[in-house]
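**Student:** here is the input, now give the coordinates:
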Amino acid sequence: MTHRILITGGMGFVGGRVAQSLVAARADYELTLGSRAAHANPSWLPSAQVVAMDWHSPQSLTSACDGIDTLVHLAGMNDGACLYNPVAALEVNAVNTARLMQAANVAGVRRVIYFSTAHVYSSSLVGDIDEFTLPKGHHPYATSHRAAEDAVLAAANTNMSSVVLRLSNSFGVPAHSAVNTWMLLMNDLCRQAVTLRSMTLRSRGLQRRDFITLQDVSRVVAHMTDLPNDQIGDGLFNVGSGKSERVIDMVELVQSRCAEVLGYSSAIIRPEPAEGDKSFDLNYRIDKLLSTGFSLCGNAVLEIDETLRMCDDCFLNVN
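**Tutor:** Below is the predicted model:
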């Protein structure tokens, strides 16, 4: 039996890779990508259909959700846009999500999977963080996602289950080069390494982050799509690698992979560490996710290699 999946934001960084992964995982998955405008089927995933969604039209949203079994909601404003316009952040990330939940219920969607952010906990993540940690994020990106979480979880009923994924720092090669993803740390580092043959950090790179590959992020979606309702619990899950790395260590990994894959080493430019500088511990706990039977298998080196190759193909002459 066909399982129909709608991915809002399906043309984006995470959405594109999730869509490709789902199609590759199971022949019975039928994918629809939600977009603000009508598009032809994308060349990078020709089997997927594209549906235009008018976020101010309940009829448009209900029509997009009609016949859908699982709704993966990724559409929203990025952190920079949220900071520039906090009111629009609430409108797009929170109010639009509430509108979509109403449409999903009317259309009979069975499960909603919503991508939130680890930054609902704080702008700078340190210490032990699990789903019981009190959210204290004050950035409009965090607060708007936190409001959207409540809308998603409140929409759950006997006919529709809700899942909220608080995603840490995902990285990897995008589905296509036109994705607006090159401001993200790892993708930006790869582009700098190729186009400038150097990588510049504004900080000393001693801060720790939890980095998870897009391969594993995509596998989480497939896992949650098939997870029985009795294992969902309250529906809230941290999604990360469960381990943290210093930013400078990831920069040096990109440097070494660039030398291996492209044949040259890009210089690292950063402020010199000062006496007394230290790296604060971070333990972004994913015990709850692992307890459902999920396991990590993403390959960070492969993701970096493929991102470098895409940069080499598309941006070599861009400064």
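**Student:** now the closest residue to His56 other than its chain neighbours: phi and psi?
**Tutor:** With sequence-adjacent residues excluded and distances taken as CB to CB, 6 or more residues apart in numbering, His56 is closest to Arg99, at 8.0 Å. Heads up, the C-betas are built off the backbone N, CA and C, glycines and all. Comment: the main-chain dihedrals of Arg99 come out as phi -60, psi -40, following degrees, to the nearest 10.
**Student:** all the strands of the stretch 1-150 of the chain, residue numbers only.
**Tutor:** 3-8, 29-35, 49-52, 70-73, 111-117, 127-129 (DSSP state E, counting those that start in this stretch).
**Student:** can you redo those as CSV with mean neighbour count, distance to Glu91 and mean pLDDT?
**Tutor:** Putting these into CSV (neighbours: other CB atoms under 10 Å; distance: least, CB to CB, whole Å; pLDDT from 0 to 100) gives the following:
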stretch, mean neighbour count, distance to Glu91, mean pLDDT
strand 3-8, 24, 15, 97
strand 29-35, 22, 17, 94
strand 49-52, 16, 19, 93
strand 70-73, 26, 15, 98
strand 111-117, 25, 17, 98
strand 127-129, 14, 28, 95
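**Student:** Ala64 is nearest to which of those strands?
**Tutor:** When the strands of the stretch 1-150 of the chain are compared by CB to CB, strand 49-52 sits nearest Ala64, at 4.9 Å.
**Student:** may I have the residues that are in contact with Leu282?
**Tutor:** The contact partners of Leu282, by CB atoms under 8 Å, 6 or more residues apart in numbering, come to 125-127, 129, 208-210, 244.
**Student:** for Val301, same thing?
**Tutor:** Val301 makes contact with 253, 257 under the criterion CB under 8 Å, 6+ apart.
**Student:** ok, now the one 10 residues further on?
**Tutor:** With contact taken as CB under 8 Å, 6+ apart, Cys311 is in contact with 190-191, 193-195.
**Student:** picking that back up, relative to Glu275, which of the strands of the stretch 1-150 of the chain is closest?
**Tutor:** With CB to CB as the measure, strand 127-129 is the member of these nearest Glu275 (24.0 Å).
**Student:** pull the most distant pair out of the contacts of Leu282.
**Tutor:** Spatially, the most separated pair among those is Gly127 and Arg209, at 13.4 Å (CB to CB).
**Student:** one step back: from the contacts of Cys311, pick the one nearest Val220.
**Tutor:** Among the contacts of Cys311, Cys190 lies closest to Val220 (CB to CB), at 22.9 Å.
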